[in-house]
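> Sequence first, predicted model second:
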Amino acid sequence: MRAARRSIRRRRARRRAVLAVGCVLAFGVLGTAGYVALRPTVAGRADDASLQARPLTPPLTDSPSPAPSPTPSPTPPPSTSPPASSAPPQIVGHGSGDFTSATASGGRVGSGATLRRYRVEVEDGIGIDPNGAAAAVQAVLADPRSWTTDRRDSFQLVSSGSYDFTVKIASPDTADAICATGGLNTRGEVNCDVGKQVVVNSKRWLTGSPEFDGPLADYRALIINHEVGHRIGHGHETCPGKGKPAPAMMQQIYGLKGCTANAWPYDADGSYLSGPAVP
């Protein structure tokens, strides 16, 4: 009896083992089939969707990948204002000796009966534009503070035909040589009126005078007014009194003697700015 019960228990144990193995195998087969059935299929490939969901790994290579180029720093836009130059103008001591006439011309300025035609010439190689110089001279003689206010003289810039005098801008050496033909010693520093020529030293035209407290354009006006003043018959004058405007016919480059610098023969009201005559 006892032996029979042991035999029954062994048979039951074998049946439970066989059932357990069968369940495991069945689950494995069904599980694999379910996984394959749930995976998405796109364009004939079961793994395309997963590939699109993550970045692709680049293929391996024996060559190192190039280092990324650095991002350049932004370049500021160029300034539209040119840099100011503090360099002094270049003074050419000795020019070529040849002159170029300005091609500019203008209308008559002033109502005086005596018309004086003039042309402007600039020595070659001294860095001064003839037409620019002619425009500056014309502006001076057309100013109501200049010589036309005397109501006797009028002026006209010409580039051809007859003329009464020439305004010549020359290097210091050339200016000295021209002025010396009239017996004048200008020492490479000052201007002169000789023959039919108003001779302007380029050094003075470009730099002004240390004695003249004012813009360079005003000193150029003084040069023209002073030398043209000689041409129309005015002699040298001196300071009329401390604090008063220096006459245009005063040699202001040699000192103001208590006067204030002034470029014009007449003031804005048309009064002549005179001083005692120099003997």
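On my side now, so go ahead. All values derive from a computational prediction rather than experimental measurement.
> so what's the closest residue to Ile253 other than its chain neighbours up against?
Leaving out its chain neighbours, the residue that sits closest to Ile253 by Cβ to Cβ, 6 or more residues apart in numbering is Ser209, at 4.7 Å. Quick note: C-beta positions are derived from backbone N, CA and C, even for glycine. Residues near Ser209 by Cβ atoms under 8 Å, 6 or more residues apart in numbering: Tyr219, Gln252, Ile253.
> again, but for Ser159
Ser101, Ala102, Thr103, Ala104, Ser105, Arg119.
> one more time with 6 Å
Each residue near Ser159 by Cβ atoms under 6 Å, 6 or more residues apart in numbering is listed here: Thr103, Ser105.
> With the one 10 residues further on instead?
With contacts defined as Cβ under 6 Å, 6+ apart, Ile169 is in contact with Val122, Ile128, Ala133, Val200, Ser202, Trp205.
> before we move on, what about Gly110?
Neighbours of Gly110 in contact, by Cβ under 6 Å, 6+ apart: Thr148, Ser154.
> Contacts for the host helix or strand of Lys203 next, please.
Lys203 is part of helix 202-207 when elements are defined by DSSP states H and E. Applying Cβ under 6 Å, 6+ apart, the contact partners of helix 202-207 are Pro89, Ile91, Ile126, Ile169, Ser171, Pro172.
> Return the set of buried residues in it.
Ser202, Lys203, Arg204, Trp205, Leu206 (16 or more other Cβ atoms under 10 Å).
> now do stretch 245-259
Buried, per 16+ other Cβ under 10 Å, within stretch 245-259: Pro245, Ala246, Pro247, Ala248, Met249, Met250, Gln252, Ile253, Leu256, Cys259.
> same deal with stretch 267-275?
So, applying 16+ other Cβ under 10 Å, buried residues of stretch 267-275: Leu273, Gly275.
> same question, stretch 207-221
Gly208, Ser209, Phe212, Asp218, Tyr219, Arg220, Ala221.
> Could I get the average pLDDT for the helix holding Lys203?
Averaging pLDDT along helix 202-207 yields 96.
> so what pLDDT did the residue lying closest to Ile232 once chain neighbours are set aside get?
Ranked by Cβ to Cβ, 6+ apart and with sequence neighbours excluded, the top spatial neighbour of Ile232 is Asp153, at 5.5 Å. On pLDDT, Asp153 comes in at 97.
> sorry, back to before: wait, which of the buried residues of helix 202-207 is closest to Thr148?
Using Cβ to Cβ, Trp205 comes nearest to Thr148 of the buried residues of helix 202-207, at 22.2 Å.
> separation between the closest one and Thr238?
24 Å (Cβ to Cβ, to the nearest Å).
> Quick check, pLDDT for His234.
97.
> By mean pLDDT, flag the weakest helix or strand of this protein.
Across the helices and strands of the chain, the lowest-confidence element by mean pLDDT, DSSP states H and E is helix 48-52, at a mean of 29.
> Name the next helix or strand downstream of it, please.
Assigned by DSSP H and E, the successor of helix 48-52 is strand 99-101.
> Which neighbouring elements make contact with the following helix or strand past that following strand?
Sequence order places strand 114-123 as the next helix or strand after strand 99-101, per DSSP H and E. Using 3 or more Cβ pairs under 6 Å, 6 or more residues apart in numbering; DSSP states H and E, the elements in contact with strand 114-123 are strand 99-101, helix 130-142, strand 153-157, strand 165-170.
> of these, which approaches Ser274 most closely?
Using Cβ to Cβ, the helices and strands packed on strand 114-123 put strand 153-157 closest to Ser274, at 16.7 Å.
> How much space separates the closest residue to Ala268 other than its chain neighbours from Ser209?
In space, Ala268 comes closest to Arg145 once its chain neighbours are excluded; the distance is 6.7 Å by Cβ to Cβ, 6+ apart. Using Cβ to Cβ, Arg145 is found at 19 Å from Ser209.
> No further questions, thank you.
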